[in-house]
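K.L.:
Give me the fold of what follows.
(2 chains)
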Amino acid sequence: MSPQTKRLWLFGLFLLIILALFLLNLAFGSVSIPLRDIWGSLIGREGIKESWVYIIQNSRLPRVLTAALAGIALSASGLQMQTMFRNPLADPFILGINSGASLGVAIAILGAGFVGGLFLPALTLRGEFSLVLAASAGAGLVLALILLVGRWVQNPTTLLILGLMFGHATSAIVSILVYFSAPERIQAYSIWSFGSFSGVNWTQLNVMALVVLAGVGLMALLPKGLNALLLGEDYARTMGLNVGLLRFIVLLSASVLSGAVTAFCGPIGFIGVAVPHIARNLFKTSNHKILIPAIILIGAAVSMAASLIAQLPGSQLVLPINVVTSLFGAPFVVWVVLKRKRGATSFSV
Amino acid sequence: MGGTQAKARCHILQRLTAPVLQSSALRIGYKNGGKTPKVIADQLNLQLNAGEFVCLVGPNGVGKSTLLRSLTGLQPRLAGEIQLSGRKLESYHPRDLANQVSVVLTSPISVGAMCVDELAAMGRFPFTGLFDRMTEHDWEVVHETLRVVGVDKLSHRYVHTLSDGERQKVMIARALAQEPRLLVLDEPTAYLDLPGRVVVMSLLHDLACGHDKAVLTSTHDLELALRHADRIWLMDDKGQIMSGAPEDLVLNGSFAQAFNRAGVLFDPLSGTFDTQNSGSKSVFLEGQGSEVIWTRRALHRAGFTVNEEWIPGSPRVCVMPREGATTWQLEHSGQTSAFASIYDLLQSLPK
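P.N.:
Got it, this is the predicted structure:
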C-alpha cells in the first residue's frame, strides 16, 4: 500500500473513531441513555423522556463539542509552537498563555477575597462567565505581550526563555494569592485549574467555536511557511518567505487558540504536546500539508476520548480532564516515542 | 513605444551580461547595539560571473560565513553596495531574490520525517502560491535537479535515512530547484568523508560550467579547492580578500602567506599542507612510480629530509617495483636489508 493510500485510510479511520466517540460521549454520564434515544433527542423526536432530552441537548452535546473544539485548538497550537521553536517539547502554553489566564482567574476568585467583595462583587464561585472573562483578559494580556516582544526579539530561543520566565513570575503571583486566601476560594481556583469541558453553555460554545475557527483558519494559510521553518529561519528567508509576518501569524494563531481553550475549559495540559507527535508517527511525515488535517482529526478524537474516560462510564464520579489526559496519555506517548525509529520525528535534539 | 522597447531590451541584455554578483566598497560585520559596529572586512570589491565556480577559503574565524550571509542578504551589511545581475540587492522583492540566489547552509538540517522529493520540492516555494500547489512543470524541475545531483534514485527515501553526503546532495538539489543564477554554499563538505567531499566539489564545478550558474562556496578543503575552483577568494585575518585562479595564488605566495602558521607549511610543489617536522636526519631515496611518492611521504612523516643526492653516511632507500610484490631496500652503515612494506622499512630506519 502506498503511503498516500495509507494516509487516506487513516483519515477515514479517524473520522469513524470521532463519530463513535461522539455517540459514546452522548450516551455515558451519570445516567446512561440508549443510542436509539440519543438519536431521537438530537432530531427532536417525540416520546423520549424529557429529562434525557434535556441532558443531551444542554449538557452532553455542548460538552462533547467543547471537548472536540478544545482538542483541535490545543493540537493546532501545539503543532505550530513545536515547529516554530523547533522543539519537540514545546506546547501551547510554552509562552505563558495559561499562566496569564491563571493569573486572571486567580485574581477573580482569590483577589475577590482580599477586597472583601467591594470592587469585585460579581466574581463569585457561581459567576462562571466572569471566570471566562477573567481568564480571557489574562490570556489576552500575555498574548499582546508576546506579539509585542515577538516584534523585537528575533531569536526564537530568546522568545522561548522570555515566555518561560514570564510564566514563572506569573505563577509566583498566583502562589501569593493562594497563600493568603481562604480555603474555599483556593478550592474553587483548584477546580478551575483541573480543567473541565462541562461548564460551557451554548452561548459560550458559540463564542469558542468562532475563535477556534478563526485560529485554525489562520493556521490553514500556513502549511508552506511551517514547512519552510522546518529548515530554519535562514532557509525560509532565502526561499522568499516573509519570516517576520509568518512568525506573527503563528504566534497570533497559536496564542488565540490556546487562550480560548484556557479561558473556557481551564489549563488543559498534555493534548497540545502529544497530538502533534501522534500525528507525525501515525502519518510518518512532518509535512504540514498532511499534519494540519491530521492533528485536527486526532486532536478532536483524543480530547473526546479523554472527556469520555473522565465521565468514568458506569459510575457517578467525574474525573478532572487534566488527570485523565496525563494519567492515560503519558504512558501512551511514552510507548509511541520509544517505538519510533531514530531520527524519524525529532527536530534538532 | 519603440524607445521603451529598446530600453527594455537593453535592460535585459544588461542583466544577462552583467556579473551575477558584484560588490563595491562593501563593509561587513555586526552592528554592535549602540556601540561602534564590529567590522569584519572593509572595502571589498568582489565580482562573480556566470559559469564560474569560486571557493572562498581562509583560516577559521576570518569571517567567511559573515561574508556569505552579507552577500546573500541574510545579514545587513554595514556599508557599500551589492549588485545582483546588475540590480541593487535591496531593490529585490524577497521572492524575486529567491529566484536569483539560493543557499546551502552549513548547519545539518533535521526536518523530521520527510521524503527526498518533498524536501527538494521546497526549492519551488518562490514559484508556488500560498498553498504550495505544485504544477507538473514544478515537479519536472525537481526531478531534473535530483537527477543532475545524482540522487534521483533516492527520491522516495526519507531524508533521515540518508548518509551525510546524500543529504548534502539533496540540499544542493533543493537549492537548484530554486533555479537561481547564483548558488551560495557555506562549507557544504564539512560533515562529509573524503570521497564525499570530492564528489560534492566536482559536482559544484560541473553545475557552474555546465549549467551556467555562478557558484560560490566557502570551504576548509584547500586541496580540493585548489583542484576544482575556477577562482579562489582567499580571505586573511585582516579581512582582505585576494582573488585569482588557484594556481596564481599559489605561485605568488598568497596561499602560503595566508595559511602559514607556526609549524604548518604550504608546499607549492605538491599543493598540500604539511607539518614542519622534516628535520635533521636525511635519507636518499631512489626509484620510480607511485611507490616512491608514498615512500617519500612516509619518510617525511618519520622526520627525514629526503635528498635527491646521496650524502655519504646517510641511509639509502631503493624502491624496487616488481610484478605483484614491491620490495624496499635499505642500505645503512654497510648493511643491506630488504622489506616487503613501507611499515617494515620505517621500523628499521635509525631513529
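K.L.:
Tell me where the chain is predicted with low confidence.
P.N.:
Using chain A here. A:112-129, A:336-337, A:339-349 (pLDDT under 70).
K.L.:
Let me rephrase: I mean chain B.
P.N.:
In chain B (pLDDT under 70), the answer is B:1-17, B:34, B:261-263, B:275-280, B:351.
K.L.:
Are the host helix or strand of A:His277 and chain B in contact anywhere?
P.N.:
If you go by DSSP states H and E, A:His277 is part of helix A:271-283. Yes: applying CB under 8 Å from any CB of the partner chain, one finds helix A:271-283 touching chain B at A:Arg280. Where you see a C-beta, it was placed from the backbone N, CA and C, and this is true even at glycine.
K.L.:
any idea which helix or strand comes after that helix?
P.N.:
helix A:288-310.
K.L.:
got the angle for the helix holding A:His277 vs helix A:288-310?
P.N.:
120 degrees (axes from the mean of the first three to the mean of the last three CA atoms, to 10 degrees).
K.L.:
Does helix A:271-283 pack against any helices or strands, and if so which?
P.N.:
helix A:3-27, helix A:61-85, helix A:288-310, helix A:321-339 (3 or more CB pairs under 8 Å, 6 or more residues apart in numbering or on different chains; DSSP states H and E).
K.L.:
and the shortest one, what other elements does it pack with?
P.N.:
What that stands for is helix A:321-339. If you count contacts as 3+ CB pairs under 8 Å, 6+ apart, helix A:321-339 packs onto helix A:183-194, helix A:271-283, helix A:288-310.
K.L.:
mind listing what's buried in it?
P.N.:
Within helix A:321-339, the residues scored as buried using 16 or more other CB atoms under 10 Å in any protein chain shown are A:Ile321, A:Asn322, A:Val324, A:Thr325, A:Ser326, A:Gly329, A:Val333, A:Val336.
K.L.:
if we look at stretch A:17-31, which residues are touching it?
P.N.:
A:33-35, A:38, A:42, A:52, A:55-56, A:59-61, A:63-64, A:67-68, A:297, A:300-301, A:304-305, A:307-308, A:311, A:313-314, A:316, A:318 (CB atoms under 8 Å, 6 or more residues apart in numbering or on different chains).
K.L.:
Burial-wise, tell me which of the helices and strands packed on helix A:271-283 comes out on top.
P.N.:
helix A:61-85 (a mean of 27; mean count of other CB atoms under 10 Å in any protein chain shown).
K.L.:
what angle sits between the helix or strand that that one is followed by and helix A:183-194?
P.N.:
Next helix or strand after helix A:61-85 toward the C-terminus (DSSP H and E): helix A:97-106. Helix A:97-106 runs at 150 degrees relative to helix A:183-194, counting by the same axes, to 10 degrees.
K.L.:
and helix A:97-106, what other elements does it pack with?
P.N.:
helix A:128-152, helix A:156-179, helix A:183-194, helix A:243-265.
K.L.:
how about whichever strand in chain B runs longest: buried residues?
P.N.:
Secondary structure assigned by DSSP state E gives strand B:21-30 as the longest strand of chain B. Within strand B:21-30, the residues scored as buried using 16+ other CB under 10 Å are B:Leu21, B:Gln22, B:Ser23, B:Leu26, B:Arg27, B:Ile28, B:Gly29.
K.L.:
Out of these, which is nearest to chain A?
P.N.:
B:Leu21 (14.5 Å; CB to the nearest CB).
K.L.:
Return the distance of the most centrally placed residue in chain A relative to A:Thr5.
P.N.:
For chain A, A:Leu74 is the residue whose C-alpha lies nearest the centre (CA atoms, centre = their mean; 2.9 Å). For A:Leu74, the distance to A:Thr5 equals 29 Å [CB to CB, to the nearest Å].
K.L.:
Which residue does the stretch 101-250 of chain B have closest to chain A?
P.N.:
Counting by CB to the nearest CB, the stretch 101-250 of chain B gets nearest chain A through B:Gly112, at 3.2 Å.
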